[in-house]
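Q: coordinates only, no sequence provided:
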């Protein structure tokens, strides 16, 4: 009965219960139903996010002089959201390309040194870029809370002070450059000068990012 439901058993665990030979990871092998379902979910999520961002931009209030200017914190929030999902979408696409080459009977159009290029790109997206965009959700919350606090103080008529909006832009661009800072891992046999430049850019962006966050949090009582 048990083998009919769960498949053949290979051995017993420490408590005497039989364990199935099939691991959970096999459910997500390339081409499996669960992998197809997950791929569809990823595509639907990213399309939905894209439509929401487009709707926010197109749905701006329109005045006599044209569309009203979107608040800077909201612009930065939309930009960081797009960056976050773009990096994860690119990482998902690269990993799927890598996995598709291991499918039985598959013929990959990628040969030679391009296999190594895909592996390097996967490392860049999965480690360097992914670590950088991990700041996006936190700073999106910070930007939106700053905007909401300004609207609360001013009775829905004000906005964060100009210096706060400038810091918001600095933090946003710092995350963008931080995402691309370690591009040296994509360069074959990059020399020490390039690596040092990329590393310095990475730490400068981190410094600006933290200083901007501290300054924005330190004073959120000012309203334009």
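A: Perfect, thanks for sending it. In this text, all values refer to a predicted model and were calculated from it rather than measured experimentally. Numbering: from 1, shown residues only.
Q: okay, now the domains of the chain?
A: 22-65, 70-101+112-224 (automatic domain parsing).
Q: secondary structure element holding the nearest residue to residue 72 once chain neighbours are set aside?
A: Setting aside the residues directly before and after it, residue 72 is nearest to residue 165 in space (Cβ to Cβ, 6 or more residues apart in numbering), at 4.2 Å. To be clear about C-beta, it is placed using only N, CA and C from the backbone, and glycine gets the same treatment. Element membership for residue 165 (DSSP states H and E) is helix 162-181.
Q: which strands and helices sit next to that helix?
A: helix 72-100, helix 130-133, helix 135-154, helix 192-218 (3 or more Cβ pairs under 8 Å, 6 or more residues apart in numbering; DSSP states H and E).
Q: make JSON lines out of the domains of the chain and add mean pLDDT and mean neighbour count.
A: JSON lines is the format used below for the domains of the chain (pLDDT from 0 to 100; neighbours: other Cβ atoms under 10 Å):
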{"stretch": "domain 22-65", "mean pLDDT": "78", "mean neighbour count": "11"}
{"stretch": "domain 70-101+112-224", "mean pLDDT": "88", "mean neighbour count": "16"}
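Q: for the residue nearest the centre of the chain, which non-adjacent residue is spatially closest?
A: With distances taken as Cα atoms, centre = their mean, residue 84 lies nearest the centre of the chain, 2.8 Å away. Spatially, and ignoring its direct neighbours in sequence, residue 84 is nearest to residue 136 (4.1 Å; Cβ to Cβ, 6+ apart).
Q: include distance to residue 42 when you put the helices and strands packed on helix 162-181 into JSON lines, please.
A: Formatted as JSON lines, the helices and strands packed on helix 162-181 follow (distance: least, Cβ to Cβ, whole Å):
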{"stretch": "helix 72-100", "distance to residue 42": "6"}
{"stretch": "helix 130-133", "distance to residue 42": "15"}
{"stretch": "helix 135-154", "distance to residue 42": "18"}
{"stretch": "helix 192-218", "distance to residue 42": "28"}
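Q: for residue 171, find the nearest of those.
A: Closest approach to residue 171 among the helices and strands packed on helix 162-181 (Cβ to Cβ): helix 192-218, 3.9 Å.
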